[in-house]
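A.B. asks: Give me a 3D structure for the following:
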Amino acid sequence: MERILEGICKFKREVFPRERELFQHLANRQNPEVLFITCADSRIVPDLITQCKPGDLFICRNAGNMVPPYGEVHGGVSATIEYSVDVLGVRHIIVCGHTDCGAMKGVMYPDKVAHLPAVRTWLNHGEVARRVVQANYGDLPEDQKLAALIESNVVAQIAHLRTHPSVAARLARGELLLHGWVYDIGNGHITAWDRSKSLFVPIEEYRLERADAQSLWQRAGSS
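C.D. replies: Here you go, the predicted structure:
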């Protein structure tokens, strides 16, 4: 805690003066382009990973980077999505998973979180991904199975995003793009979900594609 308090003093003394103009600009307004949904894991720092400045990302964090389907839970995640899309007008939503995810280990082995009722209930939002991995990758070694689950969960949460009316409406108008990433903590690499190839590719190979409104709406309706 002492280190955190010292950091605050350093921020006031050194960092804030350097960025004073930016903070004054942000004092009464924000206009982020991206809603970044990621895990609450302390090793994930969205601004550092993306090299963004304050005001660039609207960030939503929770255990396992989960997105409850619309109507199932009217909680903080749903409210954040609705506000960022309908009020702030973000043009991109990124769901970012990561390696060595404790939440995904809990999804894979529910018995390990049986003594944590709130965690166990929350992790049910990853059940689709667990079943996909169980049915298709059940014979893989444990580390590869976890990696497959982390990726499958990102894809599943993107599907959940499409059930939110605010998201569906903007997708239908071609005003919003959804992205799925996985961040490797150990080597700093990021892979991104390529819908056209149905696999994750290195971020360096990822290209922003504006799908037409009709195809986006059809995907939303079929999720």
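
A.B. asks: lowest confidence element among the helices and strands of this protein?
C.D. replies: One helix or strand of the chain scores below all others by mean pLDDT, DSSP states H and E: helix 213-222, with a mean of 40.

A.B. asks: Please name every helix or strand in contact with the longest helix belonging to the chain.
C.D. replies: For the chain, the longest helix by residue count, based on DSSP state H, is helix 142-161. Helices and strands touching helix 142-161, by 3 or more CB pairs under 8 Å, 6 or more residues apart in numbering; DSSP states H and E, are strand 92-98, helix 102-108, helix 127-136, strand 177-183, strand 190-194. All C-beta atoms are positioned from the backbone trio N, CA, C, and that covers glycine.

A.B. asks: In terms of pLDDT, where does Glu72 sit?
C.D. replies: You'll see Glu72 listed with a pLDDT of 71.

A.B. asks: Using the three-state scheme, assign it.
C.D. replies: With DSSP: H, G, I helix; E, B strand; the rest coil as the basis, the three-state label of Glu72 is coil.

A.B. asks: related to what we said a few turns ago, got the contact list for the longest helix of the chain?
C.D. replies: For helix 142-161, contacts defined as CB atoms under 8 Å, 6 or more residues apart in numbering pick out 37, 64-70, 81, 93, 95-99, 101, 104-105, 107-108, 125-126, 128-130, 132-133, 136-138, 140, 167, 178, 180-182, 191, 193, 200, 223.

A.B. asks: wait, doesn't Cys96 sit right on Phe36?
C.D. replies: Yes. With contact defined as CB atoms under 8 Å, Cys96 counts as touching Phe36 (6.6 Å).

A.B. asks: Overlap of the contact sets of those two?
C.D. replies: Taking CB under 8 Å, 6+ apart as the contact definition, Cys96 and Phe36 share the neighbouring residues Pro46.

A.B. asks: In terms of neighbours, single out the busier of those two.
C.D. replies: The residue with more neighbours, out of Cys96 and Phe36, is Phe36; 27 against 23, by other CB atoms under 10 Å.

A.B. asks: Can you verify the more buried one is assigned to a strand?
C.D. replies: Yes. Assessed with three-state DSSP, Phe36 lies in a strand.
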